[in-house]
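>>> here's my sequence, what's the structure:
(2 chains)
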Protein chains: 2
Amino acid sequence: MAEDTADPVEHVRHKPPTVLDRPRELILACPQFNSNVNLSRIVRLLGCCGVSRVVVSGRNKIDPEIARDAVHSVQVEARSSLPPVLKRFAAEGYRVVGLEQTNRSHDLMHYPFQRKTVLVLGSERQGITPEVLACLHDTVEIPVWGLPYSYNVATAATMAVYEYCRQFPRG
Amino acid sequence: MAEDTADPVEHVRHKPPTVLDRPRELILACPQFNSNVNLSRIVRLLGCCGVSRVVVSGRNKIDPEIARDAVHSVQVEARSSLPPVLKRFAAEGYRVVGLEQTNRSHDLMHYPFQRKTVLVLGSERQGITPEVLACLHDTVEIPVWGLPYSYNVATAATMAVYEYCRQFPRG
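Residues are numbered from 1 along each chain as shown, chains lettered A, B, ... in the order given. Next up is the predicted model:
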């Protein structure tokens, strides 16, 4: 069924990466997750997407079996609390955007990201805490069409990072 | 920093789902993965996205702790081999699209999906086999900007399903 049988489809695994015109100005900010697997998956995602920085509240271990080489390219910064960090990023001109269902959240699929963005995630059970919600410029949410009506946090982060990269494919 | 402090941002967890105008005409086709965790994560993703059908080659167990209520809404069909199934879907008018880096793959971010699509995934190590590659109309790939130069299969599936849903937000 391939369109041109004279030129068969062949694997080209591990193609060279797309080169960014400038370093990505996206930073992730995470709470202490219940599962280190989620953080490790997010670190691998960030590595592949050319995002080099994630701030994490509390201690979190990265599993190198999951994060792979991204453990070397992604800087994981542990902080005791997120609000002071988010306020500092805002003062530096970053748009601080939470991924959360709220009374005022924008649809991720129609949200124009600012290049300088801090994407804030919530924990698996509680989501983003009220203290952190108060530090956000915007919240974005992902449409849900069916059960269980909530995405895993690493899955949701994947969609949001994909959308950001779609809007800034060259950085 | 909230835009309107008179109307504070508040959680609205587990909002009602977006209603589709018609059932989704997206079907997933998966090989036997090395990890049942990946398939279980994909099933949860599909449930949330309103996709009700996934065909799996070989036996695969779904972990209900991971897939949650999607175990009830997503029909997992075990088949001994994918090529005959894919040929049948093609005869029924589905576009059979593999998620794989090949010599002819389209950039996912610019690929116009057909509504009736079968999205074919590869296994964690080998990707899509040559026998399955020969059954595809198209391949799509996701740009990679950094190490480890390859997305986890459930992460890649998340991006592709997100992109499809972005193109068909109402089904």
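>>> what separation do you get for A:Leu136 and A:Glu163?
17 Å (C-beta to C-beta, to the nearest Å). Where you see a C-beta, it was placed from the backbone N, CA and C, and this is true even at glycine.
>>> A:Val153 now?
Remark: distance between A:Val153 and A:Glu163 (C-beta to C-beta) = 16 Å.
>>> can you check A:Val51 too?
13 Å.
>>> neighbour count for these two, which is higher?
More neighbours surround A:Val51 than the other of A:Val51 and A:Glu163, with 27 against 23 (other C-beta atoms under 10 Å in any protein chain shown).
>>> quick one, what contacts the more buried one?
A:24, A:26-28, A:74, A:161, B:146 (C-beta atoms under 8 Å, 6 or more residues apart in numbering or on different chains).
>>> could I get the phi/psi values of it?
Note on A:Val51: its backbone torsions stand at phi -90, psi 130 [degrees, to the nearest 10].
>>> which element is A:Arg22 on?
Assigned by DSSP states H and E, A:Arg22 belongs to neither a helix nor a strand.
>>> my guess is it contacts A:Phe168. True?
No - counting by C-beta atoms under 8 Å, no contact exists between A:Arg22 and A:Phe168, whose distance comes to 9.3 Å.
>>> which one of those two has more residues nearby?
Set A:Arg22 next to A:Phe168 and count neighbours by other C-beta under 10 Å: A:Phe168 wins out with 18 against 9.
>>> measure the closest residue to the more buried one other than its chain neighbours to chain B for me?
Distance criterion C-beta to C-beta, 6 or more residues apart in numbering or on different chains; nearest residue to A:Phe168, sequence neighbours excluded, is A:Arg115 at 6.0 Å. Distance, A:Arg115 to chain B, using C-beta to the nearest C-beta, to the nearest Å: 15 Å.
>>> just A:Leu45 next, same as before
Applying C-beta to the nearest C-beta to A:Leu45 and chain B gives a distance of 6 Å.
>>> what's that residue sitting at in phi/psi?
Phi and psi for A:Leu45, reported as degrees, to the nearest 10, are phi -50, psi -50.
>>> what's stretch A:56-64 in contact with?
Contacts of stretch A:56-64 (C-beta under 8 Å, 6+ apart): A:29-33, A:36-37, A:39-40, A:43, A:71, A:76-82.
>>> can you give me the helices for chain A?
A:36-49, A:64-67, A:70-73, A:82-91, A:130-133, A:153-167 (DSSP state H).
>>> out of these, deepest packed?
Highest mean neighbour count among the helices of chain A (mean count of other C-beta atoms under 10 Å in any protein chain shown): helix A:36-49, with a mean of 24.
>>> surely A:Ser73 meets B:Tyr149?
No - at 10.4 Å, A:Ser73 does not count as touching B:Tyr149 under the criterion of C-beta under 8 Å.
>>> now A:Tyr149: closest residue in space that isn't a chain neighbour?
Per C-beta to C-beta, 6+ apart, closest to A:Tyr149 is B:His14, 5.2 Å.
>>> who's in contact with that neighbour?
Counting by C-beta under 8 Å, 6+ apart, B:His14 touches A:101, A:149-150.
>>> quick one, what contacts A:Tyr111?
A:Tyr111 makes contact with A:97, A:138, A:140, A:163 under the criterion C-beta under 8 Å, 6+ apart.
>>> do you know the pLDDT at the spatially closest residue to A:Ala90 that is not a sequence neighbour?
Spatial nearest neighbour of A:Ala90, excluding adjacent residues (C-beta to C-beta, 6+ apart): A:Val96 at 5.3 Å. pLDDT for A:Val96: 98.
>>> okay, now A:Val96: neighbour count?
With neighbours defined by other C-beta under 10 Å, the count for A:Val96 comes to 24.
>>> thought it was touching A:Leu133?
No - under the criterion of C-beta under 8 Å, A:Val96 makes no contact with A:Leu133, lying 10.6 Å away.
>>> got any ranges where chain A has weak pLDDT?
A:1-6 (pLDDT under 70).
>>> switch to 90 and redo it
Scanning chain A for pLDDT under 90 picks out A:1-16, A:58-60.
>>> shouldn't the residue nearest to A:Phe168 be in contact with A:Asp21?
No - counting by C-beta under 8 Å, A:Arg115 stays clear of A:Asp21, with 11.4 Å between them.
>>> who has more neighbours out of those two?
Using other C-beta under 10 Å, the more surrounded residue of A:Arg115 and A:Asp21 is A:Arg115, with 15 against 8.
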